[in-house]
Each structure stands twice: as C-alpha cells, then as structure tokens.
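Enquirer: Predicted model follows, preceded by the sequence.
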Amino acid sequence: MIHSLFQLGFSLIGALLPLGATVFLGWVAWIFWRHYVQQHYLSGMIYVLLEIKPPREVLRSPKAMELFFTNALYHLSVKGLLEKYWLGAVWYWFSLEIASIDGQVHFYIRAPSRLKGLIETQMYAQYPQAEITEVDDYTLAVDKISPTSDWNLWGCEFKFARSDVFPIKTYIDFGLDKDPKEEYKVDSLSPVIELFGSIEKGEQMWVQLVVRANQKKYHTKGTWFKKHDLVTEAEHVISHFSKEFTNVRENKTKEIRPAPWHTPVIDAINKKVAKLTFECGIRACYVAKKEAFQNNSRRNLRLIFRQYSSPQLNSFDRFNSTQFDYPWQYTEKSLLQLKDRMLEEYRERAFYHLPLRHGIPIPWPLSIFLPKYFHHHPVVLNTEELATIFHFPGQILKVPGLERVESKEASPPTNLPT
C-alpha cells in the first residue's frame, strides 16, 4: 500500500514538473518581453532640460507651483492592451532639480520634448515674469568617477521614515499660504538655497526630484495578491489608529472617539490624500574637484531636508549613500564604482523602468558584501508637499548666487501713436 502511494506521488510529480517548468519559463519570458518593449518605447523619447529663472519679485505663495504641477506634470491616462503590452507605452515622468554650480543656484525641469510647450505655458501662467530656456545638461561637465578623474562625489537618496500616508511639514505649516509681507516670511526653501549659494569655486551641489503621477500600490493584508491604492491605505492606517477607541453598540453601530493626540494626525492624513499625489524619487549629490572637496559640505547636504520633519507625522531618512557602514565592505575599487553609479543614475534621472538588475534585490547578509547596486524607494508626495520642496523663494532671500530675471517685461502702452 505504502509502495503504491509512493509510486503515485512520483508519477504526479513527474507529470506536473513539465507543466510547472513551462509556466515558470513563460513567466520569465513575459518579464523579459515587457522589459524589452518598454525599453524600446523609452529609447524613442527625447528629453529636454529647461532652466527656469524666477522673477525678480515672487509675490505668489507656493500654491502657484501646486497649480503648475497639477496642470503640467500630472499625466495619468488609461492605456489599452495594445499600447501597454505590445508597444510598451509608459506614463511620463519629470525631474525637478535645484543645482548649484560654483555657488550659482539654478532651477531646472527635465521633461519629454513633446511636452515642452505645455510646461512653458503653464509656468508662464503662474509666473508671467519668469524666463525659460533650453540648456545643456550640467551633469555632463563631470566625467566618470575613477582614480584618474579630476572629480570626487558623494551622494544619497531619501525615503520616508514612516508610511507614505503620513505627510511632512508643508508651506502651509510655515504660514506661506497667507502671503505675509516679505520681511515676515519663513520659507522652508531658504536653508537649501543658502547652503547651495555658499559653496566655493570647483564645488557643485545637486538635488533632483524625479516625479510621475502616482500609481503606487500597497499589499492588502490577509490576501496573497490583492493590492490597494493610497486612499485605501490611509483608511487602513486611520482604522488602526481608531481601533482601540471604537465602541460597537448593541445595534451594531460604531462610535469612534480617537484620543486628542491622534486627531491632528488623522486630519493630516486626510488632507494629504485629498490632493493629487506624485510618486517621487529624491536624490542629492555633492560633486567637487578633488582638491576642492570639503567633507563639511558633504555633511551639510545630508541634513538638507531636516526642516520638513514632523516628529508626530513624517520625515526623510537618508539611504543608498555612497559610503560604507562596515570596515569589511570597503575597497577603493568598490567605493569608486558606487560613486560612479550614483553619478550615472542621477544623469539618467533613473527611478522608474530600470534595468532588470533593479528588480532583483540582494538579500541580507549578501547585501553587506555586495553593496554596489542601488534599489530605489520612491515616496508619495501630494502637490502641497512637492511645492514645499520645489518652488521659487521670495525676494526676502537675497542670495547673490540665485539667478533671477533682472528686469520686468511689460507690454507697450495701448495709446501709442500709429
């Protein structure tokens, strides 16, 4: 009897093994096909880098930048099966950048060339006196990081300390939504611009926010494959907060009385998901000639987003740094590889639709010995949070290195003689 059962078991395994192998190979082939058609689609896209010089007088609050993000950068549409799985069509993404070259601060937007006109019209709609020009990529001036290179680099990425549903401090928390007088403004971007404007010749500081319309999904607990969006994730988090303060009555109605210290958190979460959201990869680099490289500048860049932290809500944590945490990780060759890869991914504005190696996370403890690959963790920011990090500072910030449009342009009077 037992012998017969063993025979039956081996027979079933022998019959199912080819089927399982076929399914597995089909799944692998599907992954490679999706990657191939997407990369082919992306190879046909041309990107341009636009420099925006802010007006001499910025009288509007960052709300104006919120409207720009909504109208110019939020591209989310339904793609058919043919577009998605045969042509490899993907949603557009953009890069919002603040860069300091030898202490001169610049604002950039990198976008697909076909959307250049839309970006210009929407920027002028909010900032009529701004100046927009297409420029060469400033990162191309820095060559490969190697033993023979003239350059040294330190870089990192940023992720949230808590779930995406928890917001950071925004310009509304700083009172910029009330348009106060210039002398009373407390602008969260001022520390960033001041730091960028303080570096010396031969030094550069870069920050980029690679954004696209949010399509991030979260695993639904208690299921194998089901996923949900940010709004549903917020509902789950709020339910978790309110669980111990929920009373179910005899008629099965619920009475929820959250603790006073939970009420501001719940309100903040609701406000975050009430606005359009972007998936956002954040990266920062300090680049300098080897003789001009300052460790203090590197340390200062690490703290660049501290002013957005809220202990009760959310904050940014640094990760994927181009350094090693343990002595046995370090070799000169591996460190240079790490730095050069950070430069390459900054230059490519790489966060989405990456090479296949990014989809294979290296598990711990192997990650300790193989730290040469970055695995990115984009965060979700709504338009209010995004405008807090990227907007044009007011006139009260008088950094000599911040380029502004020098004079106002005005149309001629209508009563000129003909």
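Expert: Structure received.

Enquirer: domains in this structure, as residue ranges please.
Expert: Taking automatic domain parsing as the domain assignment, the ranges for the chain are 14-44, 48-214+276-389.

Enquirer: Make TSV out of these and add distance to residue 233.
Expert: Placement of C-beta: from N, CA and C, glycine included. Below are the domains of the chain laid out as TSV (distance: least, CB to CB, whole Å):
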stretch	distance to residue 233
domain 14-44	25
domain 48-214+276-389	6
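
Enquirer: And these, which one averages the lowest pLDDT?
Expert: Set side by side, those give their lowest mean pLDDT on domain 14-44, at a mean of 79.

Enquirer: Deepest in the core, which of the domains of the chain is it.
Expert: Taking mean count of other CB atoms under 10 Å as the contact definition, the stretch among these with the greatest mean neighbour count is domain 48-214+276-389, which reaches a mean of 17.

Enquirer: ok so, going back, the domains of the chain: which one's closest to residue 232?
Expert: Of all the domains of the chain, the one in closest proximity to residue 232, counting by CB to CB, is domain 48-214+276-389 (10.0 Å).

Enquirer: Can you get me the start-to-end distance on that closest one?
Expert: Counting by CA to CA, to the nearest Å, you get 22 Å between the two ends of domain 48-214+276-389.

Enquirer: The helix or strand that residue 95 is a member of pairs with which strands, and in what direction?
Expert: Following DSSP states H and E, one finds residue 95 within strand 94-101. In the sheet containing strand 94-101, its partner strands are strand 104-112 (antiparallel), strand 203-213 (antiparallel), by DSSP bridges.

Enquirer: Alpha carbons only: can I get it in CSV?
Expert: Backbone C-alpha positions of strand 94-101 (Å, rounded to 0.1, in the frame of the first residue of the first chain) are rendered in CSV as follows:
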residue,chain,number,x,y,z
PHE,A,94,9.8,64.5,-15.0
SER,A,95,12.8,65.7,-13.0
LEU,A,96,12.6,68.8,-10.8
GLU,A,97,16.1,70.0,-10.0
ILE,A,98,18.0,72.6,-8.0
ALA,A,99,21.7,72.8,-8.7
SER,A,100,24.5,75.0,-7.5
ILE,A,101,27.5,75.4,-9.9
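
Enquirer: who touches it?
Expert: By CB atoms under 8 Å, 6 or more residues apart in numbering, the list of residues contacting strand 94-101 from outside reads 73, 105-111, 138, 192-193, 196-197, 199, 203-212, 349, 386, 390, 401.

Enquirer: Which parts of the stretch 301-418 of the chain are helices?
Expert: In chain order, the stretch 301-418 of the chain shows helices spanning 332-348, 366-369, 383-389, with DSSP state H, counting those that start in this stretch as the criterion.

Enquirer: TSV for these, including distance to residue 17?
Expert: Supplementary listing: the helices of the stretch 301-418 of the chain in TSV, determined by distance: least, CB to CB, whole Å:
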stretch	distance to residue 17
helix 332-348	40
helix 366-369	29
helix 383-389	51
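
Enquirer: Residue 56: which of those helices is closest?
Expert: Proximity to residue 56 (CB to CB) singles out helix 383-389 among these, at 20.5 Å.

Enquirer: which helices and strands does the closest one pack with?
Expert: helix 63-68, strand 203-213, strand 277-289 (3 or more CB pairs under 8 Å, 6 or more residues apart in numbering; DSSP states H and E).

Enquirer: Kindly recompute the last result at 7 Å.
Expert: Packed against helix 383-389, as judged by 3 or more CB pairs under 7 Å, 6 or more residues apart in numbering; DSSP states H and E, are the following elements: helix 63-68.

Enquirer: so what secondary structure elements neighbour the lengthiest helix in the chain?
Expert: Among all segments of the chain classified by DSSP state H, the helix with the greatest residue count is helix 2-43. Helices and strands touching helix 2-43, by 3+ CB pairs under 7 Å, 6+ apart: there are none.

Enquirer: I'd like the numbering to begin with 317 instead of 1 from here.
Expert: Taking 317 as the first residue, the last one we looked at is helix 318-359.

Enquirer: following that helix, which helix or strand shows up next?
Expert: In N-to-C order, the element after helix 318-359 by DSSP H and E is strand 363-369.

Enquirer: Test my guess that residue 589 contacts residue 550.
Expert: Yes. Between residue 589 and residue 550 there is a contact under CB atoms under 7 Å: 4.7 Å.

Enquirer: which one is residue 392 nearest to, not counting chain neighbours?
Expert: Across the structure, with CB to CB, 6 or more residues apart in numbering as the measure, the residue nearest residue 392 apart from its sequence neighbours is residue 529 (3.8 Å).
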